[in-house]
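Novice: Only the shape, not the letters, is given here:
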Ligand SMILES: C[C@H](N)CC(=O)CC(=O)O
Ligand SMILES: [Zn+2]
């Protein structure tokens, strides 16, 4: 029987680069292997017990899901920190599941992300519009920059489970909406996933659930009802909602995820200069609530990681 999460102990996961933010959005977004390694090591030193990692093409900054792309920074991070490595199987919404699972299948990490359902992945920009009748510019309107579906079908999820399970890898179950919790319960009922389930509730991504405190409560109440004591709850808030969502969840006994993958900000209108900035701010909130940040060893215990 998995050990229950000790009261007041909070696991910080840090996601350092991701695949959605582009270099044009912030000069601090880690792109090269050196930058990804330095940002991850800094986040671990600041208190992150789990490091969620993606790779990018150092020239273009584009997501790169080839195992080779992870090779230059993984051993250095493992050398420099005791943090648990969490390799993405999400890659980017443009990739097929066969490509997305390769790095986790190759490196057999302690943790790998697993997206528990498909979602619309939209990105919009304000586009000026010229009214040919009025011969004048109309109020700029929102136009889709990207109109994607981040596909995670039941077969895709099964494929990743089958590919990684034999490696002792456990999953960070990314749940962007309530339905994804039901999908997780479905795989649990089929015995294809074993408790404790590390549930990463994702708030504030267009296409998924919002960031209202009621959304957070709804996710937690539903997870409590469907998964009982078999899950360890964590949250990530996208963009400016990151620390507000973290504070609410920590106060409810949950764990938190921060990092430049999920938000480029360190407070209102201030770009984070590194993911460690956000780890330090999360830590301040956690300790301010009279709680303590879990060490990598404690996180392994709580999540039954292979170590
Ligand atoms: C919202 C996050 N980008 C979700 C994520 O981290 C997905 C993954 O890497 O598998
Ligand atoms: Zn990710």
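Specialist: On my side now, so go ahead. Fair warning: this is a prediction, and the values are worked out from it, not measured in the lab. Numbering: from 1, shown residues only. Ligands and ions are numbered 1, 2, ... in the order given.

Novice: rest of the way, CA atoms for contacts and neighbours
Specialist: Fine.

Novice: Check which residues of stretch 269-284 are buried.
Specialist: 271-280, 282-284 (16 or more other Cα atoms under 10 Å).

Novice: ugh, typo on my part, it should be stretch 204-218
Specialist: Quick answer for stretch 204-218 (16+ other Cα under 10 Å): 204, 205, 207, 208, 209, 210, 211, 215, 216.

Novice: and what of stretch 102-122?
Specialist: For stretch 102-122, by 16+ other Cα under 10 Å, it's 102-105, 107-119, 121.

Novice: which residues of the protein score low on pLDDT?
Specialist: Residues of the chain meeting the criterion pLDDT under 70: 1-4, 123.

Novice: thinking again about what came up before, among the buried residues of stretch 102-122, which ones are in strands?
Specialist: 111, 112, 113, 114, 115, 119, 121 (DSSP state E).

Novice: Hmm, residue 305 is touching residue 110, no?
Specialist: Yes - applying Cα atoms under 8 Å, one finds residue 305 in contact with residue 110, separated by 6.0 Å.

Novice: who touches both of those two?
Specialist: 169, 170 (Cα atoms under 8 Å, 6 or more residues apart in numbering).

Novice: residues contacting residue 121?
Specialist: Counted by Cα under 8 Å, 6+ apart, residue 121 has contacts 93, 146, 147, 148, 149, 150, 206, 207.

Novice: Mind putting these into a markdown table with secondary structure and distance to ligand 1?
Specialist: Formatted as a markdown table, the contacts of residue 121 follow (DSSP: H, G, I helix; E, B strand; the rest coil; distance: Cα to the nearest ligand atom, whole Å):
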| residue | secondary structure | distance to ligand 1 |
| --- | --- | --- |
| 93 | coil | 9 |
| 146 | strand | 16 |
| 147 | strand | 16 |
| 148 | strand | 14 |
| 149 | strand | 13 |
| 150 | strand | 10 |
| 206 | strand | 10 |
| 207 | coil | 11 |
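
Novice: Filter these down to the buried ones.
Specialist: Members of the contacts of residue 121 classed as buried by 16+ other Cα under 10 Å are 93, 150, 207.

Novice: Backbone dihedrals for residue 151, please?
Specialist: Main-chain torsions, residue 151, degrees, to the nearest 10: phi -80, psi 130.

Novice: Could you list which residues are in contact with it?
Specialist: Contact partners of residue 151, counting by Cα under 8 Å, 6+ apart, are 93, 117, 118, 119.

Novice: The same query, at a cut-off of 10 Å, please.
Specialist: 90, 93-97, 115-121, 157 (Cα atoms under 10 Å, 6 or more residues apart in numbering).

Novice: can the buried residues of stretch 269-284 go into CSV with extra columns for secondary structure?
Specialist: Shown next, in CSV, are these (DSSP: H, G, I helix; E, B strand; the rest coil):
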residue, secondary structure
271, strand
272, coil
273, coil
274, coil
275, helix
276, helix
277, helix
278, helix
279, helix
280, helix
282, helix
283, helix
284, helix
